[in-house]
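Asks: build the 3D model from these lines:
(one chain, ligands or ions: 2)
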Amino acid sequence: MTLSKTERKIIEDSIREIKDFPKPGIVFKDITTLLSDKYAFGVLMNHLYQRYKEYNLDFIVGIDARGFIFASALAQMLGIGFVPIRKHGKLPYTTIGEKYSLEYGVDEVEIHIDAFRGQKDARVLLLDDLIATGGTANAAATLIKQAGAECVEACFVVTLTFLDGYKEVEKKTPVYSIIEVK
Ligand SMILES: O=P(O)(O)OC[C@H]1O[C@H](OP(=O)(O)OP(=O)(O)O)[C@H](O)[C@@H]1O
Ligand SMILES: Nc1ncnc2[nH]cnc12
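Replies: Numbering: from 1, shown residues only. Ligands and ions are numbered 1, 2, ... in the order given. Purely as a prediction, here's the structure:
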């Protein structure tokens, strides 16, 4: 299920760019303007539905916080479960954690140990709004495996291809990007 040039442009044009946020030199891709545009959000979610309905998925995993929006919506459309990967200290039950590098220092994401409800080799899609350095997505893919599931693909609405983050994730799992920023 391919996305037409027109559909891709509708999605691309709906994402606002904020220069120098959160710090000088960063061009922040603001997806709030995509979400509030019912047409663009619909084009995106319909494309994701058409693509992933054939994947025989069991769960969609979303990453805290922007990833939750797309992942939970898609899980409902596909009629399957949603699983959150959260920043350290936010999940209430027993967790597995994975540290990753940021520009300065380290951070950690976590998943509930029973996130996939005991289902052996559950087929999982990892979905996030954006991949930059790949630290977050890499850690998330590791956690999915450690929690006993198979990450069949990692999908990003926006991939910053001028950074190599996505290449690291591709070593573990296929990567699918809607918008590539060169
Ligand atoms: O590829 P990376 O360099 O790891 O960066 C990508 C991550 O950064 C953003 O989340 P952020 O941590 O800013 O959290 P938020 O969704 O709560 O804003 C984005 O939503 C990704 O999850
Ligand atoms: N340029 C960017 N825009 C939005 N979210 C980001 N997360 C990391 N880099 C980002």
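
Asks: alpha carbons only for contacts and neighbour counts from here, please
Replies: OK.

Asks: need phi/psi at the residue sitting furthest away from the middle of the chain.
Replies: Outermost residue of the chain with respect to the C-alpha centroid, by C-alpha atoms, centre = their mean, is Pro24; its distance is 25.1 Å. In this entry, Pro24 is assigned phi and psi values of phi -50, psi 140 (degrees, to the nearest 10).

Asks: how far does the helix or strand hosting Lys29 sit from the chain's center?
Replies: Element membership of Lys29, judged by DSSP states H and E, is strand 27-30. In this view, strand 27-30 has its centroid 16 Å away from the chain centroid, taken as C-alpha atoms, centre = their mean, to the nearest Å.

Asks: get me the contact residues on this protein for ligand 2.
Replies: Taking C-alpha under 6 Å from any ligand atom as the criterion, the neighbours of ligand 2 within the chain are 26-29, 132.

Asks: what parts of the chain come near ligand 1?
Replies: Counting by C-alpha under 6 Å from any ligand atom, the chain sits next to ligand 1 at 63-66, 129-136.

Asks: reformat those as JSON lines; add pLDDT and neighbour count.
Replies: As requested, the residues of the chain next to ligand 1 are arranged in JSON lines below (pLDDT from 0 to 100; neighbours: other C-alpha atoms under 10 Å):
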{"residue": "Ile63", "pLDDT": "98", "neighbour count": "25"}
{"residue": "Asp64", "pLDDT": "97", "neighbour count": "17"}
{"residue": "Ala65", "pLDDT": "97", "neighbour count": "13"}
{"residue": "Arg66", "pLDDT": "98", "neighbour count": "15"}
{"residue": "Asp129", "pLDDT": "98", "neighbour count": "23"}
{"residue": "Leu130", "pLDDT": "98", "neighbour count": "23"}
{"residue": "Ile131", "pLDDT": "97", "neighbour count": "24"}
{"residue": "Ala132", "pLDDT": "95", "neighbour count": "16"}
{"residue": "Thr133", "pLDDT": "94", "neighbour count": "21"}
{"residue": "Gly134", "pLDDT": "96", "neighbour count": "22"}
{"residue": "Gly135", "pLDDT": "96", "neighbour count": "21"}
{"residue": "Thr136", "pLDDT": "97", "neighbour count": "26"}
